[in-house]
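Asker: here is my input; please provide its structure:
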Amino acid sequence: VNTGVLRLNDDSFIAGDVTTGSEAELFLRTGTHTLLDGANFTGNTRIESTEVIADGANQGEIVFENVILGTGGVLGGDGAFRVTGFMDWSNGDVGRTGDLGTLTIDTGASLDLNGLGTKDVRGDMLIDVLGTTTWTNGTVAFFDNADFTQRAGSTFTANLTTARTFGGGGADTRTFTLASGANLFNTGTQTATFNIVSQLGGNVSSSGGELHFSRGGAHTGNFDAGMTGTIRFSDSTGVGHSLSGTLGSMGGTFAFSGAGATTIGAGATYNVGNTLIDSGQVDFQNAATTNVLGLGEGVLGGGGGGL
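Answerer: The predicted structure follows:
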């Protein structure tokens with residue numbers, strides 16, 4: 001397809017290579033579109049009001065250059081998908097309950113989370129990002145046992161103008177992993193909340209708004225709240241957070257709240273501008289420094305260190 005839109009409005013089975021030109025688009029809409037072994041898509045593929053499924057049986061990776069996932073669209077199944085260009089995700093689902101597939105955003109590729117619509121990840125789907133993730137709008141909700149991993153050398157940027165949530169409620173069987181060597185930047189003016197168990201091993205920074213981790217996790221990475229940013233650790237489940245890396249800021253704030261305790265480990269470095277303990281308990285197991293301490297209804301604990 002060199003120009004225009006090729007729209008498939010009924011059930012289909014697709015095998016082999018599908019190529020669209022720079023001014024063209026394959027539009028998968030309504031029905032169920034089953035991707036067979038050898039299906040590869042060069043150019044732009046739009047998915048709305050339909051299910052695009054790879055069952056994974058005797059099947060290699062399904063490769064898309066560019067994917068636009070919108071209202072009512074589902075990309076799922078037990079197969080493996082790989083995006084080599086960009087994925088524009090404004091609405092719709094990755095995975096269905098019971099799905100076991102993977103979605104890989106390749107090195108040099110991008111995942112753009114935009115638009116007001118909710119973006120759901122379901123089943124046992126794993127989203128594995130080797131490239132870049134940019135989150136500018138909309139809630140990203142996780143269900144069942146779905147996971148999200150940002151790999152070493154990659155970057156996740158939250159740049160929100162309205163407070164949004166990445167994660168979901170329910171049982172803590174879903175995980176956001178920031179691998180060692182990966183970056184998580186909050187560059188927006190609003191609160192970006194990760195309401196999902198997090199394992200943060202890379203570099204985390206918030207330069208303006210608030211970056212909020214509202215479920216527990218074990219974190220070995222480094223955290224920087226800059227001059228005016230806020231990084232908050234809270235937990236409504238009682239699991240708590242443990243941190244063993246470097247926490248620092250020039251004038252920014254590290255805030256703690258919630259039911260679970262946060263432990264600043266013996267191997268951690270804590271040298272920040274402002275510390276705010278609204279509620280819950282923070283235990284410092286090593287010497288720590290802060291210019292300003294705000295202690296609301298929280299508890300400041302020790303255990304070998306102090307603030």
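Asker: C-alpha only now, for contacts and for neighbours.
Answerer: Fine.
Asker: off-centre distance for stretch 79-98?
Answerer: Taking CA atoms, centre = their mean, to the nearest Å, the mean C-alpha location of stretch 79-98 is offset from the chain mean by 13 Å.
Asker: same question, stretch 24-44
Answerer: The answer for stretch 24-44 is 25 Å, by CA atoms, centre = their mean.
Asker: same deal with stretch 71-87?
Answerer: Distance, centroid of stretch 71-87 to centroid of chain: 16 Å (CA atoms, centre = their mean).
Asker: what's the answer for stretch 154-173, then?
Answerer: Computed by CA atoms, centre = their mean, the separation of stretch 154-173 from the middle of its chain amounts to 6 Å.
Asker: mean confidence for that stretch?
Answerer: Stretch 154-173 carries an average pLDDT of 86.
Asker: do the same with stretch 230-244
Answerer: Stretch 230-244 shows a mean pLDDT of 91.
Asker: can you check the distance spanned by it, start to finish?
Answerer: 19 Å (CA to CA, to the nearest Å).
Asker: got it, and stretch 254-272?
Answerer: With CA to CA as the measure, stretch 254-272 spans 7 Å from end to end.
Asker: may I see the buried residues of it?
Answerer: 254-266, 268-272 (16 or more other CA atoms under 10 Å).
Asker: what about those residues, which are in helices?
Answerer: Among these, no residue falls in helices (DSSP state H).
Asker: of those, which belong to strands?
Answerer: Mapping those onto strands (DSSP state E) picks out 254-256, 261-264, 269-272.
Asker: flag the least confident of those.
Answerer: Lowest pLDDT within those is found at residue 261 (89).
Asker: beta partners for it?
Answerer: residue 281 (DSSP bridges).
Asker: repeat for residue 50
Answerer: residue 73.
Asker: kindly report the same for residue 276.
Answerer: According to DSSP bridges, beta-bridge pairing links residue 276 with residue 255, residue 294.
Asker: verify the stated contact: residue 234 with residue 198.
Answerer: No. Using CA atoms under 8 Å, residue 234 is not in contact with residue 198; the gap is 11.7 Å.
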